[in-house]
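Trainee: have a look; sequence and predicted model below, questions after that.
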Amino acid sequence: MELFDVYSLFNVTPEKASGCRIWDDKGQEYLDLYGGHAVISVGHCHPDYVAAMTAQLNKIGFYSNSVVNPLQTELAHKLGEASGYPDYSLFLDNSGAESNENALKMASFHTGKDRVIAFKKSFHGRTSGAVAATDNPKIVSPFNACHKVTFCDLNDAQTVEQELKKGDVAAVIIEGIQGCGGINIPDAGFMKQLRALCTGYGACLILDEVQSGYGRTGKFFAHQWYGIKPDIITMGKGIANGFPCGGILLSPEFKAVKGMLGTTFGGNYLAMAGAIAVLDIIKKEGLIENALEVGEYLKENIPASPRIKEVRGKGLMLGIEFNENVAPVRSELLYEKHIFTGVAGTDMIRLLAPLCLKKAQAQTFITALNEILF
């Protein structure tokens, strides 16, 4: 049997890792500025994280959600405190896509409506409803397209209101910062309008913080830069530092009904041990503050070049937009400079480093990029 060949793979085989460093099977060391799609939040193989996961595995690794799991309650309390949402409720699942799927379902339950407003260049996941709300025709099958989704331009409040006036919109879903679409930051004024419009027309505002949350932008959630509170917040990626975990935060207006949501693996013992360890490490090591400080250092020191159009983002969610295809630059960074980076589209290098990135490591990237550009 062979693997279903859907991934474009770089010729690197990681074998071990620590912090923001990776070593391949030949012993070559790499600087990781991508964290496996923003998943590695507190650093590879953090000793506290490894200890927590190992200790839990030596007790019990899994049982279903038909029994009491005190780790879920512990995580909910710590997450409420860390995020500033102690009065919201937590539902746990396995991934960002599943979180968005559950958020859309809850909005429809709550409002009794069936249409969704999303935004151009958005990415919300690859499951049925999530991919239907994603602005990428290449990954939307005819089955996915059966969902009722209307795409509006980012920052166009007038068009959003025109759609909301039709009365059938259950939810408006928007990323705190668009990731795959090119590190596009919504205007604060637009986000405030969006909050008011959803309230006025009886639609739920869903903030997709799968990539932009968990301290990555210098606040716990990116939408906190805009001074708003959504009805539902979705999470994934860095929650458990590489162990699959996702979840949604629901405002007090949502009432739980037995059986309305469910999951086999969501909130399992290992995921909870990892997620609790992540919050403890973030707090103990000041990683949210570090993300903002080191991210600003990167933005300020990325070299000015005619080849670069713009550098944008917040904290350690950054995009370097080029005036050319970035594939050769990314390849040179990986194979010659031994630095992992990501891309968005064909013209942007995307940086989603672990939140523990040090200024000296950021400078390594700046120096390498300068050598490539000049």
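Mentor: That came in fine, so what should we check first?
Trainee: and for the most centrally placed residue in the chain, nearest residue in space, chain neighbours not counted?
Mentor: Against the mean C-alpha coordinate of the chain, by C-alpha atoms, centre = their mean, the closest residue is residue 211 at 1.2 Å. Counting by C-beta to C-beta, 6 or more residues apart in numbering, residue 211 lies nearest to residue 179, which is 4.1 Å off, once chain neighbours are set aside. C-beta here means a position set from N, CA and C on the backbone, and glycine is covered the same way.
Trainee: what's near enough to touch the one you found?
Mentor: Residue 179 sits next to 38, 123, 211, 212, 317, 344, 350, 352 when contact means C-beta atoms under 8 Å, 6 or more residues apart in numbering.
Trainee: can you report phi and psi for the residue nearest to the centre of the chain?
Mentor: When read as degrees, to the nearest 10, the backbone of residue 211 gives phi -100, psi -30.
Trainee: which residues in the stretch 51-200 of the chain form strands?
Mentor: Ranges of strands in the stretch 51-200 of the chain, per DSSP state E, counting those that start in this stretch, are 89-93, 115-119, 148-152, 169-175.
Trainee: what does the model give the residue nearest to residue 211 for pLDDT?
Mentor: Looking at residue 179, its pLDDT stands at 97.
Trainee: if I look at it, how far off is residue 343?
Mentor: To residue 343, residue 179 is 11 Å away according to C-beta to C-beta, to the nearest Å.
Trainee: cool, residue 93 as well?
Mentor: For residue 93 relative to residue 343 (C-beta to C-beta), the value is 28 Å.
Trainee: and these two? which has more neighbours close in?
Mentor: For the pair residue 93 and residue 343, the greater number of neighbours falls to residue 93 (27 against 19), based on other C-beta atoms under 10 Å.
Trainee: quick check: bridge partners of the more buried one?
Mentor: residue 246 (DSSP bridges).
Trainee: next, the contact list for it, please.
Mentor: 99, 102, 246, 247, 248, 263, 266, 267.
Trainee: hang on, residue 272 in a strand?
Mentor: No - counting by DSSP: H, G, I helix; E, B strand; the rest coil, residue 272 is not found in a strand; it is helix.
Trainee: contacts only, for it.
Mentor: Residue 272 neighbours (C-beta under 8 Å, 6+ apart): 56, 69, 71, 72, 74, 75, 92.
Trainee: and the residue nearest to it when sequence neighbours are not counted, how far is that from residue 220?
Mentor: In this structure, residue 272 finds its nearest non-sequential neighbour in residue 71, 3.5 Å apart by C-beta to C-beta, 6+ apart. As judged by C-beta to C-beta, residue 71 and residue 220 stand 20 Å apart.
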